[in-house]
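>>> Turn this into a model:
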Amino acid sequence: MPLLTRIKGPRDLDRLSLEQLDQLVEEIRTFLVDAVSKTGGHLGPNLGVVELTIALHRVFESPKDKVLWDTGHQSYVHKLLTGRQDFSRLKMKGGLSGYPSQAESEHDVIENSHASTVLGWADGLAKSNQVLNRDDHHVVAVIGDGALTGGMAWEALNNIADAKDRPLVIVVNDNERSYAPTIGGLANHLATLRTTDGYERFLAKGKDLLERTPVVGRPLYETLHGAKKGLKDFIAPQGMFEDLGLKYVGPIDGHDIEALESALARAKRFGGPVIVHCLTEKGRGYQPALQDEADRFHGIGPIHPDTGLPVKASGADWTSVFGDEMVKLGHEREDIVAITAAMLQPVGLKKFADAFPDRIYDVGIAEQHGAVSAAGLATGGVHPVFAVYATFLNRAFDQVLMDVALHKCGVTFVLDRAGVTGTDGASHNGMWDMSILQVVPGLRLAAPRDADQVRAQLREAVEVEDAPTVVRFSKGAVGPAVPAVGRVGGMDVLREPGTDTPDVLLVSVGALAPMCLEIAGLLDQQGISTTVVDPRWVKPVDEAMAPLAERHRVVVTVEDNSRVGGVGSAVAQALRDAGVDVPLRDFGIPPRFLDHASRAEVMAEIGLTAPDIARQVTGLVSRIDGRFEQSEVDSAEPVRD
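Numbering: from 1, shown residues only. Below you'll find the predicted structure:
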């Protein structure tokens, strides 16, 4: 019977011998490759933390002890060891989440899928233990070296180090990577720690030699040992952590369970904050992952487990369209530079980096810094394009507002994975950007409907030098071109109503254009004439919108963004400001966190489909007709005998 099937909870690990633990390690890696190759998911990070996760659960007592993961995509092994071994529907509706999930297990404390936050959580939990006198409770925060490039991690470290008597164990999972290899000064520091022999070993060897030296040997050793802080910084410069007041243990071989357990047990006994520095290998044990220099199979779709090759070839996607156009722009304009927050390949900037290595800046997982740095670049005379997932721009809102927009800096933000993304769950849906950015003065926001518009609107965006611009697009394959049949102001007309007295003005936002055309077709079958327009630039609202709306009986907006404060709200305000009193109905994402499922399943669940919207618009038009007919009856002259 495989050992893995006998693990129903962490305490089942306690009775295993070292030989059995080695067997369990191999079983887990085999399981991960087999399971994740079928569903897709974060394979590489989890192959790298098998031994570390086992050691954590043998030394600490979850759920009494709180084990936190940053980011949560490295928690698959944790799931396996806490009783969740059905990976058949990983990241699918009704299956396991790709991140920790409080709904799944008491062992999941935080649903951490945005990087660099775990140390803040750990600081708060450790403080609560102290306030409530829970001396037998421990807090362990596992943070990847990539996540340490985020400023929030260092804000938390500053506070954690302030309490020398507050127990908290910080495990740095150092695999030299976030998605791609980790960059920056911190990465260089950790690299030094990886490649330098420990000073304790140096002192031990020196003690043997000096104690055999007559007269001066022992005094010289004691002098060196007394000055070991300086010697330590010279031989193994972990002094950066200890200067903060954090006890440092390591580096530890993250694939040696005995060494890991010894280090973690020492850290557990220590009465204050401790950093345990573990060296791991992303993708360990799976050759196709180890050979993938881009990201070691960080996140994959379904693959052939033997070869690591995709099960099916994917067509052109939104990201690659943007990436190719950036290279063209780079050749045309020497002032175009690009910024990424540790996601060079996922946001499509790898080709630009290859073509223009001196004009690409990877700031690490530091979106706030990236936005401010972009403002500085723009002020210095170049035009930065900061490509980032839509969900991660939320973290840099203040910088977009107060640094970029206030200073009228020509910075272009390109938001990938905008709208419903689906399988990564609530944290990764890019459903807030068109709401939060509405309040930024001067900012202009484009939502391209197809590949041609991505190219065109990106070019329009980088021509703006006195305000921030935003271009947002969806995840996955880009569909066929949606041609315009006319133009009103700056808006593309996608469908003419075929009558001089049209019923519905349907405002289509971004990638939902094909669905909006389908809605118009369904309405036409009900005898409801519809004009479909794509505003292209949804902020500010086009001046032609109000007079166009006034020619229709109903205005309907459809967007892949929260209904609260989104494009629909902006259009409604523009109509009010213009004195246009036309009923408006906005369709979008409801203000709630959405469970993981496919994009199509999520859209169906929230009613953002063509049949659902067409049915509601038909009902709205019918109610308006009913009120109109009743008004005619009420205003008719009374019949006299």
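>>> mind listing what's buried in stretch 327-341?
Neighbour-count burial for stretch 327-341 flags 327, 329-330, 335-341 (criterion: 16 or more other CB atoms under 10 Å). In short, each C-beta sits where N, CA and C put it, glycine included.
>>> try stretch 129-146
For stretch 129-146, burial by neighbour count (16+ other CB under 10 Å) applies to 129-130, 137-146.
>>> quick one: which of those residues is nearest to P483?
Nearest to P483 out of those is G146 (CB to CB; 42.6 Å).
>>> distance of that closest one from G72?
G146 sits 14 Å away from G72, taking CB to CB, to the nearest Å as the criterion.
>>> so A597 is in which element?
Using DSSP states H and E, A597 is not contained in any helix or strand.
>>> per-residue pLDDT, it?
A597 is assigned a predicted lDDT (pLDDT) of 85.
>>> Please apply the same query to the one 3 residues further on.
Looking at A600, its pLDDT stands at 89.
>>> and stretch 415-424, C-alpha only, in PDB?
Below are the C-alpha coordinates for stretch 415-424, written out as PDB (Å, rounded to 0.1, in the frame of the first residue of the first chain):
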ATOM      1  CA  LEU A 415      -3.300  45.000 -17.800                       C
ATOM      2  CA  ASP A 416      -3.200  41.400 -18.700                       C
ATOM      3  CA  ARG A 417      -5.800  38.800 -17.500                       C
ATOM      4  CA  ALA A 418      -8.500  41.500 -17.100                       C
ATOM      5  CA  GLY A 419     -12.000  40.400 -16.300                       C
ATOM      6  CA  VAL A 420     -13.000  36.900 -15.200                       C
ATOM      7  CA  THR A 421     -10.000  34.600 -15.400                       C
ATOM      8  CA  GLY A 422     -11.700  31.700 -13.700                       C
ATOM      9  CA  THR A 423      -9.500  28.800 -12.500                       C
ATOM     10  CA  ASP A 424      -7.200  30.800 -10.200                       C
END
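>>> roughly how far is it from the heart of the chain?
9 Å (CA atoms, centre = their mean, to the nearest Å).
>>> what about the residue nearest to R449 when sequence neighbours are not counted, how many neighbours?
What sits nearest to R449 in space, not counting adjacent residues and going by CB to CB, 6 or more residues apart in numbering, is A513, at 3.9 Å. A513: 25 surrounding residues under other CB atoms under 10 Å.
>>> now the one 3 residues further on
By the criterion of other CB under 10 Å, C516 has 27 neighbours.
>>> and what of S320?
For S320, the neighbour count with other CB under 10 Å is 17.
>>> And the buried residues of stretch 129-146, which is closest to E465?
Once CB to CB is applied, the member of the buried residues of stretch 129-146 that ends up nearest E465 is G146, at 33.2 Å.
>>> any weak-confidence spans in the stretch 301-450 of the chain?
Scanning the stretch 301-450 of the chain for pLDDT under 70 picks out the ranges 313-314.
>>> mind listing the helices in it by residue range?
For the stretch 301-450 of the chain, helices defined by DSSP state H, counting those that start in this stretch occupy the ranges 318-332, 350-355, 367-379, 390-393, 397-399, 433-436.
>>> What are the buried residues along the second one?
If I follow you right, that is helix 350-355. Within helix 350-355, the residues that count as buried by 16+ other CB under 10 Å are 350, 352-353.
>>> Before I go, just wanted to say thanks for your time.
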